[in-house]
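1. What would the 3D arrangement of this be:
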Amino acid sequence: MHSRVSSDAELRAPCWIGENVLVGPRAIVGPAAIVENGTVLAAEAEIADSIVGPETYVGEFTEVKHSLASGSTLINWQTGSCTYVPDAFLLSPLSQRAATAKAGHRLGRAMAVVVLSLTLPCACYAVIRAWLRGQSALRPLVAVRPHSAGPSAATDVLTYHEFTAVGDWLKRWPQLWKVVRGEFAWVGNRPLSPAAVVLLASDFERLWLKAPIGLFSLADAQACAELFDQEARGLASFYAMRANWRLDLAILSRVLGFRLFKRISVR
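-> Numbers count the residues shown, from 1 in each chain. Predicted coordinates for the structure are as follows:
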């Protein structure tokens, strides 16, 4: 299997990278670094004079120096200290069982109904704005259903919509109806078109389709500029391997926190 190194990542000799490794944008590997098989280094992670064990996720801006990082454990060989890292955004194992793609539970669907009702004026604003521009209010899109990474991916699809005249997350408002219907979850991996599925280059990347389609994703929580770039693919696979209610709550809190901070900054 092949590894992927972002074009703006930096490899400093001597260093060694195993198979099926993903090195994110602006990450630094080396000197004296070993990154074993199946590891994901997120954007701007730095590994120096260290070993990262197999199937380990090293989060964005995380530095590992003079240490052995394996799963959620960090051992510093200079001080002899052993630290368990509880924050999955910083350091965590990828070797757990992949999440099962399934419809949202009743509480999540009921919450979507409430949010739809409370934010209906926002939808009216989006429709009126599109009408004033002389364009259609909704853009239809096609997504491959979870577990459809095989030859049937082009036909096993669902249709969803987004608003055309607004940006940010308001354009996703129509997808709340998909949450109500149980076809989307509040948190999952973002929908992929059949053309995008073809570009998933390995079994690791195809883990994207093992998780439910989500209104919000880990890539949103990490503020990825693109939702299908190399970093987003690694985060989607990481989510599929680690999905649980605690991670979902962490993603939602980060996403809503980014939105609140953005509104305060604009004001």
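2. Can you pull out the residues in contact with stretch 235-249?
-> Stretch 235-249 has contacts (C-beta atoms under 8 Å, 6 or more residues apart in numbering) with 40, 42, 57, 88, 92-99, 186-190, 204-205, 207-208, 210-211, 217-219, 222, 224. The way it works is simple: take the backbone N, C-alpha and C, and place the C-beta from them, glycine included.
3. for the record, mean pLDDT for that stretch?
-> The predicted model assigns stretch 235-249 a mean pLDDT of 84.
4. hang on, the earlier thing: out of the contacts of stretch 235-249, name the ones that lie in helices.
-> The helices, defined by DSSP state H, take in 218-219 from those.
5. Among the contacts of stretch 235-249, name the buried ones.
-> Among the contacts of stretch 235-249, those scoring as buried are 40, 42, 57, 88, 92-94, 98-99, 186-190, 204-205, 207-208, 210-211, 217-219, 222, 224 (criterion: 16 or more other C-beta atoms under 10 Å).
6. So which of those sit within strands?
-> Mapping the buried ones among the contacts of stretch 235-249 onto strands (DSSP state E) picks out 40, 57, 92-93, 186-187.
7. need those in a markdown table with pLDDT and distance to Tyr160, can you?
-> Listed next are these as a markdown table, based on pLDDT from 0 to 100; distance: C-beta to C-beta, whole Å:
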| residue | pLDDT | distance to Tyr160 |
| --- | --- | --- |
| Val40 | 89 | 28 |
| Tyr57 | 90 | 29 |
| Ser92 | 86 | 30 |
| Pro93 | 85 | 32 |
| Trp186 | 94 | 15 |
| Val187 | 94 | 16 |
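8. out of those, who's nearest Leu120?
-> Within those, the smallest distance to Leu120 is 18.6 Å, found for Trp186 (C-beta to C-beta).
9. Isn't the closest one up against Leu252?
-> Yes: applying C-beta atoms under 8 Å, one finds Trp186 in contact with Leu252, separated by 6.8 Å.
10. shared neighbours of the two, anything?
-> Counting by C-beta under 8 Å, 6+ apart, the shared contacts of Trp186 and Leu252 are Phe216.
11. shaky segments in the chain?
-> By pLDDT under 70, the low-scoring segments of the chain are 1, 95-104, 148-155, 258-267.
12. and it, what are its domains?
-> Here the domain assignment for the chain is 4-93, 106-266, based on automatic domain parsing.
13. Quick one: the helices in this structure, in order.
-> According to DSSP H, the chain carries its helices in the segments 106-118, 120-132, 176-181, 194-198, 218-221, 230-242, 245-266.
14. Could you export those to CSV, including columns for distance to Gly18?
-> Below are those laid out as CSV (distance: least, C-beta to C-beta, whole Å):
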stretch, distance to Gly18
helix 106-118, 38
helix 120-132, 47
helix 176-181, 39
helix 194-198, 26
helix 218-221, 23
helix 230-242, 15
helix 245-266, 25
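15. what about those helices, which gets the closest to Val144?
-> Val144 lies closest, by C-beta to C-beta, to one member of the helices of the chain: helix 194-198, at 5.0 Å.
16. Which strands or helices does the closest one pack on?
-> Helix 194-198 makes packing contacts with strand 138-144 when contacts are defined by 3 or more C-beta pairs under 8 Å, 6 or more residues apart in numbering; DSSP states H and E.
17. Give the partner strands of the strand it packs on in its sheet and their orientations.
-> Note on strand 138-144: by DSSP bridges, its sheet partners are strand 157-163 (antiparallel).
18. Now do the partner strand against helix 120-132, angle only.
-> Here strand 157-163 points in a direction 80 degrees away from that of helix 120-132 (axes from the mean of the first three to the mean of the last three C-alpha atoms, to 10 degrees).
19. For strand 157-163, list every residue counted as buried.
-> Those would be 157-158, 160-163, for strand 157-163 by 16+ other C-beta under 10 Å.
20. Of the helices of the chain, which is nearest Arg12?
-> Arg12 lies closest to helix 230-242 among the helices of the chain, at 19.7 Å (C-beta to C-beta).
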